[in-house]
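Participant: Fold the following for me, if possible:
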Amino acid sequence: MPTSRQDDVRTPPAAVSALGLRKSYGDKTVLDGIDLRIPAGSVFALLGPNGAGKTTVVKILSTLVTADGGQAQVAGHDVTASPHGVRAAIGVTGQFSAVDGLITGEENMLLMADLHHLSKREGRRVTAELLERFDLVEASKKPASTYSGGMKRRLDIAMTLVGDPRIIFLDEPTTGLDPRSRHNMWQIIRELVSDGVTVFLTTQYLEEADQLADRIAVLNDGKIAAEGTAEELKRLVPGGHVRLRFSDPTAYRSAALALREVHRDDEALSLQIPSDGSQRELRSLLDWLDSTGIEADELTVHTPDLDDVFFALTGGGDMNNQPKEAVR
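Facilitator: Model prediction:
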């Protein structure tokens, strides 16, 4: 059936799409049929344990590696039939910086401008704008080897933007950065998206995906174990609840007797009620409180976080003795 114009309007264009991507190295299957659809102007985060294939996905979509099977389009170009079209539309920043430490930050930028065949005048204009944007003007004349980790990462992304890509692949861009530098990088990513850039992010920091991504996919054993918004993924895991706290012991006892399947804390005068945190369940609880005349002093909603989702979907993955918030 032909697609109507109305359907076209309702469906945002896909910056990246993949269907049935497969990749093996020897007898090890890394990707076993990956489907993706990433709307333009959004942030998509790919999570997974060590060795799950996150970087392989990035390499296939950026034409650095050829898939064994399946199809993929990036910026409207088939990654196999039109790799040059893909490369012209994207920027790639890996977890290992492409910055040349032997030359200055400015020289790194100008070298990238030459690679994109910009004129000398245009290259200097773009370089000056990006050095200003990424707060690197003062350090621009110094060798990049003297830069801090956060400065090198900012320079790396600035170099990626020289070609004005509309889609950027960030493969673990904040690995090794201190918390302040990581938050600065988050702000840079938000600004890129506000300019209409699509960001494909792989990360070892679950909080990072929660903060930045419009949609998140969890990759495990070569397959997408789950995909959705952060809130949708959190609802997949049991353990969510609503907590009611009372200052009036009588109101507390009345609620405890009337509500079923609650966990009581008689000392704190609080009740913990299993809930997925949905609007429907909250409205039902509030309506019940209103109808009974029971007044709770405080109502808080607790939902599982992405850590819980990650461990539930991957069985914990390859921890490598890392803290829970830093799982690859």
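
Participant: for residue 219, helix, strand, or coil?
Facilitator: Here residue 219 is recorded as strand under DSSP: H, G, I helix; E, B strand; the rest coil.

Participant: Apologies, that question was intended for residue 276.
Facilitator: Look at residue 276: counting by three-state DSSP, its state is coil.

Participant: Tell me who's in contact with it.
Facilitator: Neighbouring residues of residue 276 by Cβ atoms under 8 Å, 6 or more residues apart in numbering: 235, 240, 303. (C-beta placed from N, C-alpha, C; glycine too.)

Participant: Just the pLDDT for the second one.
Facilitator: According to the predicted model, the pLDDT of residue 240 comes to 80.

Participant: now it: how far from residue 307?
Facilitator: 14 Å (Cβ to Cβ, to the nearest Å).

Participant: Between these two, which is the more surrounded one?
Facilitator: Neighbours per residue, other Cβ atoms under 10 Å: of residue 240 and residue 307, the larger number sits with residue 240, 19 against 15.

Participant: Spatially, what comes nearest to the more buried one if we skip its sequence neighbours?
Facilitator: Closest residue to residue 240 apart from its sequence neighbours, by Cβ to Cβ, 6 or more residues apart in numbering: residue 303 at 4.5 Å.

Participant: what helix or strand is the residue nearest to residue 79 when sequence neighbours are not counted on?
Facilitator: The shortest distance from residue 79 to any non-neighbouring residue, by Cβ to Cβ, 6+ apart, is to residue 72 (4.6 Å). Assessed by DSSP states H and E, residue 72 sits inside strand 69-74.

Participant: before we move on, what about residue 268?
Facilitator: Here residue 268 sits in a region with no helix or strand, counting by DSSP H and E.

Participant: which stretches of the chain form strands?
Facilitator: Secondary structure of the chain (DSSP state E): strands at 14-25, 28-39, 43-47, 69-74, 77-78, 90-93, 167-171, 198-202, 215-220, 223-228, 241-245, 263-265, 270-274, 298-302.

Participant: Please tabulate the ones you listed in TSV and include distance to residue 117 and mean neighbour count as additional columns.
Facilitator: Formatted as TSV, the strands of the chain follow (distance: least, Cβ to Cβ, whole Å; neighbours: other Cβ atoms under 10 Å):
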stretch	distance to residue 117	mean neighbour count
strand 14-25	24	18
strand 28-39	28	18
strand 43-47	29	26
strand 69-74	21	19
strand 77-78	19	16
strand 90-93	16	22
strand 167-171	20	24
strand 198-202	24	25
strand 215-220	35	23
strand 223-228	38	17
strand 241-245	58	19
strand 263-265	65	14
strand 270-274	61	17
strand 298-302	54	12
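
Participant: Of all the ones you listed, which one is nearest residue 107?
Facilitator: Checking the strands of the chain against residue 107 by Cβ to Cβ gives strand 90-93 as the closest, at 18.6 Å.

Participant: How about residues contacting the closest one?
Facilitator: Contacts of strand 90-93 (Cβ under 8 Å, 6+ apart): 58, 62, 64, 74-75, 153, 156-157, 160-161, 163, 165-171, 173.

Participant: repeat that for 7 Å
Facilitator: If you take Cβ atoms under 7 Å, 6 or more residues apart in numbering as the criterion, strand 90-93 is touched by 62, 74-75, 156-157, 160-161, 163, 165, 167-171, 173.
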